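Peer 1: have a look at this prediction, sequence included:
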Amino acid sequence: MRARRSSRTAEFMALFRALESVRRPASARLFDDPFAPAFLGPSLRAVVAVSRLPVVGRIVPLYIDRRWPGARSSGIARTRLIDDLLGEALRDGVEQVVILGAGFDCRAYRIAGVERCRVFEVDHPATQAVKTARLGRLLGGLPAHVVFVPLDFGQQAIDRALNASGFDRSARAFYIWEGVTNYLTEAAVDATLRYFATAVSGSRLLFTYVHRGLLDGSAAFEGTEELVATLRRADEPWTFGIDPATLPAFLAARGLALAADMGAADYRARYLGRAMSGYEFYRAAVAEVPGRT
């Protein structure tokens, strides 16, 4: 990501959420994100406006799905999956929510009950500056339950940033790390996971990752050519991945236990059925801090 502007891929994800939020009929939508359009440039806002039209609107997601197979469908299914897991954590009485690499994620403002928690949004200063400015205009000010923590994962230590922001190390937390690890170095991922392992027992981390085979060429996946070209044009190449077969050992070496690991096909099938394919290299996992004896 270029240092002086927000993430382009964060804007694409906001587009997918905005399109889902105007899909008809409303009862078929996986979620409603009224904030998403605010994070789009004029051309993408026009795409959302066109998608509201009864007939023409159906062509927009079809075009996206043909051009970037699986990107939109897996993105919205993953959004719903994380929404559901966050909702479960809130009902279970979690006291803090930490959103690492928050991008234009607005769960802190749209998920019922989250306002009763302290939410820490950790992100690159450039993306965070854009987000806070637009949220301030939308909401008439920034909500008191949210703390914005500027951080460059590749250059700064997460423990210092969170501790300085008032994060309570003695309280159980639910962490969301969506769409970030694939842009980092292994050292940065390692440092963040080791930091999470020092959290209170029962804390959980939902994180996404890509199959290492996509990066080293040891595995082939549908629809990667156009994706890789898009990432290069955006100057946001992917740099880190994990082989799913090694994930339990990878986490255990850092003091964590694997609670769940789902591929794009899994969470897409859960919410959209099995008619769609693509993006099978993208995965979502849940790690937890085991009880200490």
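Peer 2: Happy to help now that I have it.

Peer 1: buried residues in stretch 57-66?
Peer 2: 57, 60-61, 64-65 (16 or more other CB atoms under 10 Å). For glycine as for every other residue, the C-beta is placed from the backbone atoms N, C-alpha and C.

Peer 1: give me the contacts around that stretch.
Peer 2: Stretch 57-66 has contacts (CB atoms under 8 Å, 6 or more residues apart in numbering) with 16, 19, 22-24, 47, 50-51, 71-73, 276, 278.

Peer 1: now, which of the buried residues of stretch 57-66 lie within helices?
Peer 2: Judged by DSSP state H, the buried residues of stretch 57-66 include 60-61, 64-65 as members of helices.

Peer 1: and residue 201, that one's in a strand?
Peer 2: No: assessed with DSSP: H, G, I helix; E, B strand; the rest coil, residue 201 is coil; it does not lie in a strand.

Peer 1: kindly write the PyMOL command that selects the buried subset of the contacts of stretch 57-66.
Peer 2: In PyMOL, this line selects whichever of these come out buried by 16+ other CB under 10 Å:
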select buried, resi 16+19+22+23+51+71+72+73+276+278
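
Peer 1: got a markdown table for the contacts of stretch 57-66, with pLDDT, secondary structure and distance to residue 137 too?
Peer 2: As requested, the contacts of stretch 57-66 are exported to a markdown table (pLDDT from 0 to 100; DSSP: H, G, I helix; E, B strand; the rest coil; distance: CB to CB, whole Å):
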| residue | pLDDT | secondary structure | distance to residue 137 |
| --- | --- | --- | --- |
| 16 | 96 | helix | 23 |
| 19 | 96 | helix | 22 |
| 22 | 94 | coil | 21 |
| 23 | 92 | coil | 26 |
| 24 | 89 | coil | 28 |
| 47 | 94 | helix | 22 |
| 50 | 92 | helix | 24 |
| 51 | 93 | helix | 23 |
| 71 | 88 | helix | 29 |
| 72 | 92 | helix | 27 |
| 73 | 92 | helix | 31 |
| 276 | 72 | coil | 35 |
| 278 | 78 | coil | 36 |
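
Peer 1: the helix or strand residue 269 falls within: which residues count as buried?
Peer 2: Element membership of residue 269, judged by DSSP states H and E, is helix 264-272. Residues 264-268, 271 are the ones in helix 264-272 that count as buried (16+ other CB under 10 Å).

Peer 1: ok, so of those, who is nearest residue 96?
Peer 2: residue 267 (24.8 Å; CB to CB).

Peer 1: measure that closest one to residue 35 for me?
Peer 2: The gap separating residue 267 from residue 35 is 22 Å, by CB to CB, to the nearest Å.

Peer 1: list the contacts of the closest residue to residue 37 other than its chain neighbours.
Peer 2: Excluding its sequence neighbours, the residue lying closest to residue 37 (CB to CB, 6 or more residues apart in numbering) is residue 18, at 4.8 Å. Contact partners of residue 18, counting by CB under 8 Å, 6+ apart, are 33, 36-37, 40, 44, 48.

Peer 1: repeat for residue 12
Peer 2: Going by CB under 8 Å, 6+ apart, residue 12 touches residue 71.

Peer 1: kindly export the helix or strand encompassing it (C-alpha atoms) in CSV.
Peer 2: Using DSSP H and E, residue 12 sits in helix 8-21. C-alpha atoms of helix 8-21 as CSV (Å, rounded to 0.1, in the frame of the first residue of the first chain):
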residue,chain,number,x,y,z
ARG,A,8,-7.4,0.1,-2.8
THR,A,9,-8.4,-3.5,-1.8
ALA,A,10,-10.2,-2.1,1.2
GLU,A,11,-12.3,0.0,-1.2
PHE,A,12,-13.0,-3.1,-3.3
MET,A,13,-14.3,-4.9,-0.2
ALA,A,14,-16.4,-1.9,0.6
LEU,A,15,-17.9,-2.1,-2.9
PHE,A,16,-18.8,-5.8,-2.4
ARG,A,17,-20.5,-4.9,0.9
ALA,A,18,-22.3,-2.0,-0.6
LEU,A,19,-23.6,-4.2,-3.5
GLU,A,20,-24.8,-6.8,-1.1
SER,A,21,-26.6,-4.2,0.9
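
Peer 1: pLDDT wise, what is the residue nearest to residue 37 at?
Peer 2: Looking at residue 18, its pLDDT is 97.
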